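In: build me a model:
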Amino acid sequence: MLTVVEAMTQEVDQLTKRVLDEVRLEPTGRRLMTVPGVEPLTALAFRATIDRPNRFREFCDVGTHLGLPA
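Out: Numbering: from 1, shown residues only. Alright, predicted model coming up:
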């Protein structure tokens with residue numbers, strides 16, 4: 001059981017490093033992380049979800065796209 005926990009811990013560490021490396025290369029991700037409380041995974045998820053921001057006419061349309069009340 002300890003071997004499995006150790007292997008999973010190593011895998012999580014590797015994935016965490018990949019996320020950090022990716023967000024450092026992504027200018028939008030770096031910019032999003034300047035917002036208090038936005039960490040690397042949140043920045044990448046938001047960037048991937050929004051993809052092309054110019055398809056939204058107004059900023060409130062982003063919230064609606066994410067399922068938030070208008």
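In: ok, and what's touching stretch 51-63?
Out: By Cβ atoms under 8 Å, 6 or more residues apart in numbering, the list of residues contacting stretch 51-63 from outside reads Ile50, His65, Pro69, Ala70. C-betas here are computed from N, CA, C, even on glycine.
In: where's the closest residue to Pro69 other than its chain neighbours, which helix or strand?
Out: Nearest residue to Pro69 in three dimensions, chain neighbours excluded: Gly63, at 7.8 Å (Cβ to Cβ, 6 or more residues apart in numbering). Under the criterion DSSP states H and E, the helix or strand holding Gly63 is helix 60-65.
In: pull the most distant pair out of the contacts of stretch 51-63.
Out: Greatest spatial distance in the contacts of stretch 51-63: Ile50 and Pro69, 18.3 Å, computed using Cβ to Cβ.
In: higher neighbour count, the two?
Out: A direct count of neighbours by other Cβ atoms under 10 Å for Ile50 and Pro69 places Ile50 higher, at 15 against 5.
In: give me the neighbour count for Glu22.
Out: That count, for Glu22 with other Cβ under 10 Å as the rule, works out to 15.
In: try the one 10 residues further on
Out: One way to gauge burial is a neighbour count; for Leu32, by other Cβ under 10 Å, it gives 20.
In: tell me the spacing between Val62 and Gly29.
Out: 16 Å (Cβ to Cβ, to the nearest Å).
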